Every structure is written in structure tokens, then in C-alpha cells.
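Enquirer: Fold the following for me, if possible:
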Amino acid sequence: MLERSYMKIWVDADACPKIVKELLFKSCLRLEIPICLVANSYMNVPFHKLISFVKVESGDDVADMYIANHIAPEDLVVTADIPLAAQVVEKGTVAINPRGELYDDENIGERLSMRDFMKDLRDSGVVTGGPEPFGAKDKENFANSLSKILAQKGYK
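Expert: Here you go, the predicted model:
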């Protein structure tokens, strides 16, 4: 049997879909894993000793910096923010996005490059569109990735 490492789940909550937060709450309560949502605007979270919410000041990357400064290697971070994911991976912490895609040493450089390229296109006036709407398959992918990561960390 795997020995469980004690972890905390951190959520970059401003842009995290509600359904992903709900899945996280259910898993955290069932497995008794603390979770902390970080955002620069208030949001309702269930009242429970395992669930915390931190409202940070408004501003670019303030929530990201809070998360990056408080994570430990055994934690899990849920974020769609590529620069935050890069910091998380650099610190040896696991990060996934709300669509269930794992960020790691193998893909984070490419994702940063693509993000910067798309930003340059948008800044030059090219309309690039945004991501596809979050759907049932994304929810399923996130749930599967979360289950796999938690099992690897000794949570069943």
C-alpha cells in the first residue's frame, strides 16, 4: 500500500469553472484533503474546516504569486494560467488545468511559447478566438486526471 503524502489542493479560482470547483469540493471532503481557493474577487465556498478561501488584492498575477509563494512539493495546483503552472512545475509541485491536462517538465516550455506567440498575434490585431467552451468531456477529463493524481499520492 502506498503511504499517503499529506497535501493541499490550491485553486486559481477566478477563472476556474464552477463544475470543477464542485468536483474538487466533493473529492476533498470525501478524502479529507484541505483545499484553498485563491481569487481577487469574493466567491461563495462551502463552509467546512477543510475548505478555505483567500481573497487577494486586485492586480495582474496577484493570486498567482500568492499560490506560488505558498505551495509545497506534495501539493496539487489547479490553474489555467500557463506562467503560474510553469512556476509550480519548477518548484516540483503537480499542476493540472481545469480540462484535466497535466503540466510537466516535458510540456510547460512549449505551452509557454505557444501562449506568448498567441499573445503576440492578439497584440498585433489578429483575432485568434478563445478556447472551446467547457463541456462534459472536459469535466470527465478533469475528474479522471484528479482521480489518477490523488491515487498516485495515496488517496483512494
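Enquirer: Could you list the single helix or strand in this structure with the lowest mean pLDDT?
Expert: The helix or strand of the chain with the lowest confidence, counting by mean pLDDT, DSSP states H and E, is helix 108-123 at a mean of 63.
Enquirer: now the helices for the chain?
Expert: Per DSSP state H, the chain carries helices over the ranges 18-31, 62-70, 82-90, 108-123, 136-152.
Enquirer: Kindly export the second one (C-alpha atoms) in CSV.
Expert: Going back to what we said before, that points to helix 62-70. Extracted in CSV, the C-alpha atoms of helix 62-70 (Å, rounded to 0.1, in the frame of the first residue of the first chain):
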residue,chain,number,x,y,z
VAL,A,62,-1.5,38.7,-7.5
ALA,A,63,-3.4,35.4,-7.0
ASP,A,64,-0.8,33.5,-8.9
MET,A,65,2.0,34.9,-6.8
TYR,A,66,0.1,34.0,-3.6
ILE,A,67,-0.2,30.4,-4.7
ALA,A,68,3.4,30.2,-6.0
ASN,A,69,4.6,31.5,-2.6
HIS,A,70,2.6,29.1,-0.5
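Enquirer: circling back: any idea which of the helices of the chain gets closest to Arg99?
Expert: helix 136-152 (4.6 Å; CB to CB). Where you see a C-beta, it was placed from the backbone N, CA and C, and this is true even at glycine.
Enquirer: and the angle from that closest one to helix 18-31?
Expert: Interaxial angle, helix 136-152 versus helix 18-31 (axes from the mean of the first three to the mean of the last three CA atoms, to 10 degrees): 30 degrees.
Enquirer: Same question for helix 136-152: list its buried residues.
Expert: By 16 or more other CB atoms under 10 Å, the buried positions in helix 136-152 come out as 138-139, 141-143, 145-146, 149-150.
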